[in-house]
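Engineer: return a 3D structure for these sequence lines:
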Amino acid sequence: EVPQEPGVCLDVGFIADDTGKFQEIFGIGLRFPELPDASFSISTNKDAQQGESFEARRSEARRAALMVPELATAFAKIKTLREGKHRVQQGNGSEALFSRPLDGAPGHWHEFQFEYAGKRFDHRNPSWDAALFTGVAHDQAGSVPSGLSDDEAVALWDRLMASVRLRVVK
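Structural biologist: The predicted structure follows:
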């Protein structure tokens, strides 16, 4: 039975609270029998600290990679499929979708990330993020070639992201 009043859900319980003072962190990971090398996850944190934006962190990583020749070479091999603002459910977030080469083997794998910053201490607008990896074996992304093409992976991502619904108690 799902409580209707505001509060914090625990593994086997519920704390009634409408002050918003308790931390709530939730995460879920999904695997798909028909796509054995794909892994999708979502996590949310009601009171997460807002630091640098997703775009700022990506820009800094890009700049830092250019300063180290080995990283610059590796970074240049990553194909950006899509990057920028993306609206999902309650607001605008940011996404970055990459196709990456396997280390020392033919093939590629995918790393897709989404981040919504939310509003600190506003339980109706928690921060949350999502990730999709392909090429997953033994819980390690990029271990095997992806079973999906770039277009198929983007289509899967778009379908999964369109299905995300955060239940927010008013």
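
Engineer: show the contacting residues for the residue nearest to the spatial centre of the chain.
Structural biologist: Most central in the chain under C-alpha atoms, centre = their mean is residue 130, positioned 2.2 Å from the mean C-alpha point. Listed by C-beta atoms under 8 Å, 6 or more residues apart in numbering, the contact set of residue 130 reads 40, 41, 42, 113, 114, 160, 161, 164. Just so you know, the C-beta spots here come from the backbone N, C-alpha and C atoms, and that holds for glycine as well.

Engineer: spit out the contact partners of the fifth one.
Structural biologist: If I follow you right, that is residue 114. By C-beta under 8 Å, 6+ apart, the contact list for residue 114 reads 86, 88, 93, 94, 95, 129, 130, 131, 161.

Engineer: got any ranges where this structure has weak pLDDT?
Structural biologist: The chain contains residues with pLDDT under 70 at 1-2, 6-23, 47-51, 90, 120-121, 167-170.

Engineer: now residue 153, nearest residue through space, not along the chain?
Structural biologist: residue 110 (4.5 Å; C-beta to C-beta, 6 or more residues apart in numbering).

Engineer: show me what contacts that neighbour?
Structural biologist: Residue 110 touches 97, 98, 99, 100, 132, 133, 134, 135, 146, 148, 150, 153, counting by C-beta under 8 Å, 6+ apart.

Engineer: quick one, what contacts the first one?
Structural biologist: By that I understand residue 97. Contacts of residue 97 by C-beta under 8 Å, 6+ apart are 80, 81, 82, 83, 110, 111, 112, 113, 153, 154, 157.
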